[in-house]
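[1] Sequence first, then the predicted structure, then my questions.
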2 protein chains.
Amino acid sequence: MAGIGIVGAGTAGLHLGLLLRQHDIPVTIYSDRTAEQLGSGRMLNSVAHHHATVEREQALGVDHWDIEEYRYFGHNHYITGGPQPLVFPGVFTAPSRAIDYRIYLPRLLEDFVARGGEFEVRPVQAADVVKLSERHDLVVIASGRSGLNAMFSRRADKSPFDTPQRRLCVGLYEGVAPSEPKRVTLNVAAGNGELLEIPMYSSAGHVTALLFENVPGGELEMLADLSYEEDPAGFEKTILESARQFYPATFERIDTAKFRLTSPLDLLQGAIVPTVREDYTKLPNGRYAVALGDAHVVVDPVVGQGGNCASYSAWELGHVIIEDPNFDERFCQKVADRRRDRVHATADWTNLMVGGPPPEHLLRMFVAMATNQEIADEFTENFSYPDRQWDILATPERVNNYLARKGVGVPG
Amino acid sequence: MAGIGIVGAGTAGLHLGLLLRQHDIPVTIYSDRTAEQLGSGRMLNSVAHHHATVEREQALGVDHWDIEEYRYFGHNHYITGGPQPLVFPGVFTAPSRAIDYRIYLPRLLEDFVARGGEFEVRPVQAADVVKLSERHDLVVIASGRSGLNAMFSRRADKSPFDTPQRRLCVGLYEGVAPSEPKRVTLNVAAGNGELLEIPMYSSAGHVTALLFENVPGGELEMLADLSYEEDPAGFEKTILESARQFYPATFERIDTAKFRLTSPLDLLQGAIVPTVREDYTKLPNGRYAVALGDAHVVVDPVVGQGGNCASYSAWELGHVIIEDPNFDERFCQKVADRRRDRVHATADWTNLMVGGPPPEHLLRMFVAMATNQEIADEFTENFSYPDRQWDILATPERVNNYLARKGVGVPG
């Protein structure tokens, strides 16, 4: 067959392309950047791959980073703002791993090409997709760039926000000693936001990503606008001061003398509007294009789900392609059915974490996690299974039922 | 918990109830008939259980009828009306089995009660369901009787017909020698309908169900109205004459001297309007009721899918209950997502078989089956997997793609 055309060389496009190549299906990936451009550009994100994703990487034969060396094994939680601070760990059943995407993506692209995948560097815009659809049996849009995401209608029922819920400032830093044992540290400063401290491997070696998630209007919102270029030392000083004041659990492991951004490009500032889009669209020529990754769903990075969700979604799409290569509306509906629960749960759960003040039932979960290790571990494990997380968190009744099953009383 | 209430003691309700009992979940089944009434009444249908259903029976521990003795292993096809008759067999990978439901259902009900299930004989109408919903964590409506199906809205997008597409006359007969090897024989008389000859086990022993599927306005429609009570001998004579004239492949195995209906109650005449309904409804008290079996989907019996679909759907619903016992809308949507593809495919495929003159692509499949055993076997095997059948048959393009993959040329 003329094979599958994938627009976008992120985790979504690459995991899909690699899976299809394992089944000898012709694939072309289109990207507006070469591997070199991707690898040498600005930091792309600070995503960690949880073990459900690592298992897919193993199955795809792209598990290049020895998990023993690169892993971390859970989350430390420091939640302030309630009557007393909540401090507790949560551990996974299997480790997570965070590799800078400027290393990760070019390496997987190399694998993809070595395994017979075609890679074409060319900008693709929405207007080009009809023509692409005639070169391929199916076109998958796995990039939200260049307005491609607008090909797929926004689902108002799953997109509750019109504006960003956090303004972001994420960078890679030296001078932060990892926690012992090595974990991600989730700091919550109620009303102001969160700091995620993530052990990450980058071209500078084992470094630390500090992702400041800043509530609009809160005291740390200015971090999203603070210029590193204009005053590097002042920038680092403000980051340090913000950590000291709001996120002491991370700050206490910082050696202020050694603290520095690893490179001017290792910094990303901005914000996203969490958005869920339709699974597919019918093109003017009657063919269908399927949305994947950022073209389909964009979530705030607060619980690190974007890349994992893209990988999961690519996996489901790929298996439908392998099982039923008839690219009509029935095919598209199958794709939508297969991935709906986990993908929508990813968006719903993330939106619960960032949408305004935390509701009472989420606070109840945090309190339970602080006193019941089994609950904290399950919450942490469910970073691999957002659908199971949402089974617990979707409604106050679900939280009550869950806590009752765990033997935790529900307030009268 | 207060457990699950199931209205209806058919295959849907019993398979669900038995599955939940295996997980120690309290279950009450409500029926308007006692086991004795069910077992001694009029014939209920002529459904065979295909091997996907037999496997569920094995898992449920209700595989009481030795498959070696009761099995049949495929379909004979005799299709007339085209330029030449098409005659070919198709075989399963594992056998099917047809047990008279007046034996089958009471036996499973006995198992259900022996395993701690509650059984209450009482009529339930739609108006009673709110009250039932307060006695149970969840109410499942697994009966289309007493207007219960009307609790769930008809889905116009999946219910293309307003009237029956076949008028039915099905009875159990002695005097029909089974085919050798023992198979179901599917006779098609284009324009008039079909005769399904099914080896079945009933209280009279190993007998034969003859299911006349009669096109409204066709020459055999009168069979649906023919009175056995008024003139038993005349009835049997008309049946024989109809078989002789329209369905010779079955007729030639009839010993006309021994041919007779096994009992006046072993006859069912009527018709159904194929209908797909919504998966669930919200009751006035805010609780949800889930549709199962006939309350959810009614299909013409032409490809024998109703009971199998009910069992499949019970299986999926049961596993969602076991995994996520929170009976809110999220739960209901999960149930809908899990079973949608196969259940809707069952309806779509069945509707293709009975909806007006067969379309050209269906005829093309029949011709291919007559000359390619692999295709005939796959079509036959897919009586266990209607979703896979529909992957092949859903559109003319899908049939062409399928036949091309099998090396069968496409005209033009």
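    Noted; the coordinates are in hand.
[2] State the number of residues packed around the closest residue to chain B within the stretch 101-250 of chain A.
    Among the residues of the stretch 101-250 of chain A, residue A:137 lies nearest to chain B; the distance is 10.1 Å by Cβ to the nearest Cβ. Where you see a C-beta, it was placed from the backbone N, CA and C, and this is true even at glycine. The number of residues packed around residue A:137, counting by other Cβ atoms under 10 Å in any protein chain shown, is 17.
[3] isn't it right next to residue A:331, touching?
    No. Using Cβ atoms under 8 Å, residue A:137 is not in contact with residue A:331; the gap is 10.4 Å.
[4] Isn't residue A:380 up against residue A:91?
    Yes. At 6.1 Å, residue A:380 counts as touching residue A:91 under the criterion of Cβ under 8 Å.
[5] Tell me the residues that contact both of those two, please.
    When contacts are counted by Cβ atoms under 8 Å, 6 or more residues apart in numbering or on different chains, residue A:380 and residue A:91 are jointly contacted by residue A:74.
[6] Please tell me how far the most centrally placed residue in chain A sits from chain B.
    Within chain A, one residue has its C-alpha closest to the average C-alpha position: by Cα atoms, centre = their mean, that is residue A:306, at 2.5 Å. Applying Cβ to the nearest Cβ, to the nearest Å, the value for residue A:306 to chain B is 22 Å.
[7] Residue A:380 and residue A:91: which has the busier surroundings?
    Summary of the neighbour comparison: residue A:380 and residue A:91, criterion other Cβ under 10 Å, with residue A:380 having more neighbours (26 against 16).
[8] Let me see the domain layout of chain A.
    A:4-48+A:100-161+A:274-354, A:167-271, A:360-405 (automatic domain parsing).
[9] Quick one, which of the ones you listed gets closest to residue B:299.
    Residue B:299 lies closest, by Cβ to Cβ, to one member of the domains of chain A: domain A:4-48+A:100-161+A:274-354, at 18.5 Å.
[10] taking the mean pLDDT, what do you get for that closest one?
    Confidence over domain A:4-48+A:100-161+A:274-354, taken as the mean pLDDT, stands at 97.
[11] just checking, residue A:82 touches residue A:363?
    Yes. The pair residue A:82 and residue A:363 qualifies as a contact (Cβ under 8 Å) at a distance of 6.8 Å.
[12] Which one of those two is surrounded by more residues?
    Looking at residue A:82 and residue A:363 with other Cβ under 10 Å, you find the greater number of neighbours at residue A:363, namely 17 against 14.
[13] name the element the more buried one belongs to?
    Secondary structure assigned from DSSP states H and E places residue A:363 in helix A:360-371.
[14] which other helices and strands contact the following helix or strand past that helix?
    Heading C-terminal from helix A:360-371, the first helix or strand you meet, by DSSP H and E, is helix A:373-381. When contacts are defined as 3 or more Cβ pairs under 8 Å, 6 or more residues apart in numbering or on different chains; DSSP states H and E, helix A:373-381 sits against strand A:71-80, strand A:86-97, helix A:360-371, helix A:386-393.
[15] contacts for helix A:373-381?
    For helix A:373-381, the surrounding residues in contact (Cβ under 8 Å, 6+ apart) are A:74-75, A:77, A:88-93, A:365, A:368-370, A:389, A:392, A:403, A:406, A:408.
[16] Now that we have the residues you listed, which of them are buried?
    Using 16 or more other Cβ atoms under 10 Å in any protein chain shown as the burial test, the contacts of helix A:373-381 include A:74-75, A:77, A:88-92, A:365, A:368-370, A:389, A:392, A:403, A:408 as buried.
[17] ok, back up a step: any part of the helix holding residue A:363 near chain B?
    No. Applying Cβ under 8 Å from any Cβ of the partner chain, one finds that helix A:360-371 is not in contact with chain B, the shortest distance being 12.9 Å.
[18] Show me what the mean pLDDT comes to for that helix.
    Across helix A:360-371, pLDDT averages out at 95.
[19] what inclination does it have with respect to helix A:373-381?
    Here helix A:360-371 runs at an angle of 120 degrees relative to helix A:373-381 (axes from the mean of the first three to the mean of the last three Cα atoms, to 10 degrees).
[20] CA atoms of helix A:360-371 as PDB?
    What follows is the C-alpha trace of helix A:360-371 in PDB, where atoms were taken according to Å, rounded to 0.1, in the frame of the first residue of the first chain:
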ATOM      1  CA  GLU A 360     -12.900  19.600  48.600                       C
ATOM      2  CA  HIS A 361     -12.800  16.000  47.400                       C
ATOM      3  CA  LEU A 362      -9.300  16.500  45.900                       C
ATOM      4  CA  LEU A 363      -8.100  17.900  49.200                       C
ATOM      5  CA  ARG A 364      -9.600  14.900  51.000                       C
ATOM      6  CA  MET A 365      -7.600  12.600  48.700                       C
ATOM      7  CA  PHE A 366      -4.400  14.500  49.600                       C
ATOM      8  CA  VAL A 367      -5.100  14.200  53.300                       C
ATOM      9  CA  ALA A 368      -5.700  10.500  52.900                       C
ATOM     10  CA  MET A 369      -2.500  10.100  50.900                       C
ATOM     11  CA  ALA A 370      -0.500  11.700  53.700                       C
ATOM     12  CA  THR A 371      -1.700   9.100  56.200                       C
END
